[in-house]
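Engineer: What shape does this take:
(2 chains)
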2 protein chains.
Amino acid sequence: QDSAAGRLKAQACSVCHGTMGVAVHPEAPHLAGQPAAYLETQLRHYRNGQRQHPVMNVIARPLSDSDIENLAAWFASIRVDAQGR
Amino acid sequence: QDSAAGRLKAQACSVCHGTMGVAVHPEAPHLAGQPAAYLETQLRHYRNGQRQHPVMNVIARPLSDSDIENLAAWFASIRVDAQGR
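Structural biologist: Reported below is the predicted structural model:
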């Protein structure tokens, strides 16, 4: 996995998911700090249509396996702190 | 939405997603701070089978609409900070 390559590739994601994986679209999930294994699985499912979303299926279709690993590595590398109220 | 009721209901989620929505299972996503609209959509899709996951489909099936709104309100209420490297 090459998180630097993933960060470059992730420019296409930023319109909805934000430049640092903090979503700017109310229907889009934050990706920052998500487990790489989860992100890889979801991108593969969007690519093969097992998970359906009109935008994400189009975005994921041209991704290579290494694109997916790099994107997952990048978003997983962003540090996140959660605080309850 | 009643985030306090959602917090109680979320005890069943904590085995994988953590008590504060920070996942403790490597294949499970963090839920803390996710947009409520996103969380509601995903729970509805798990409930009706549009999104497939062997555990989540079983967990979501008995949820009422208000359960879903409350759970989404609870996880969305957890404050998250993301920091790039």
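Engineer: Any idea how many residues pack against the residue lying closest to residue A:7 once chain neighbours are set aside?
Structural biologist: Excluding its sequence neighbours, the residue lying closest to residue A:7 (CB to CB, 6 or more residues apart in numbering or on different chains) is residue A:74, at 4.6 Å. All C-beta spots, glycine's among them, are computed from the backbone N, C-alpha and C. By the measure other CB atoms under 10 Å in any protein chain shown, the count of residues near residue A:74 is 26.
Engineer: and what of the one 4 residues further on?
Structural biologist: The criterion is other CB under 10 Å. On that basis, residue A:78 has 20 neighbouring residues.
Engineer: For chain A, which segments are assigned as strands?
Structural biologist: Taking DSSP state E as the test, the strands found in chain A are A:79-83.
Engineer: got the residues of it near chain B?
Structural biologist: A:20-23, A:26-30, A:32-35, A:37-38, A:41, A:50-52, A:77-85 (CB under 8 Å from any CB of the partner chain).
Engineer: picking that back up, could you tell me what pLDDT the model assigned to the residue nearest to residue A:7?
Structural biologist: On the pLDDT scale, residue A:74 is placed at 97.
Engineer: C-alpha coordinates for the helix or strand of chain A with the lowest mean pLDDT, CSV please?
Structural biologist: Least confident helix or strand of chain A, by mean pLDDT, DSSP states H and E, is strand A:79-83 with a mean of 77. Only the C-alpha atoms of strand A:79-83 are listed here, as CSV (Å, rounded to 0.1, in the frame of the first residue of the first chain):
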residue,chain,number,x,y,z
ARG,A,79,-5.7,10.3,12.6
VAL,A,80,-9.1,10.7,14.2
ASP,A,81,-10.1,11.4,17.8
ALA,A,82,-13.7,10.8,19.0
GLN,A,83,-15.1,12.4,22.1
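Engineer: Okay, and which of the residues of chain A next to chain B map to helices?
Structural biologist: A:37-38, A:41, A:77 (DSSP state H).
Engineer: Which pair in the residues you listed has the greatest spatial separation?
Structural biologist: Using CB to CB, those reach their maximum pairwise distance at A:41 and A:77, which is 17.5 Å.
Engineer: quick revisit: I figured the residue nearest to residue A:7 hits residue A:3, correct?
Structural biologist: Yes: at 4.4 Å, residue A:74 counts as touching residue A:3 under the criterion of CB atoms under 8 Å.
Engineer: Sweet, I'm off.
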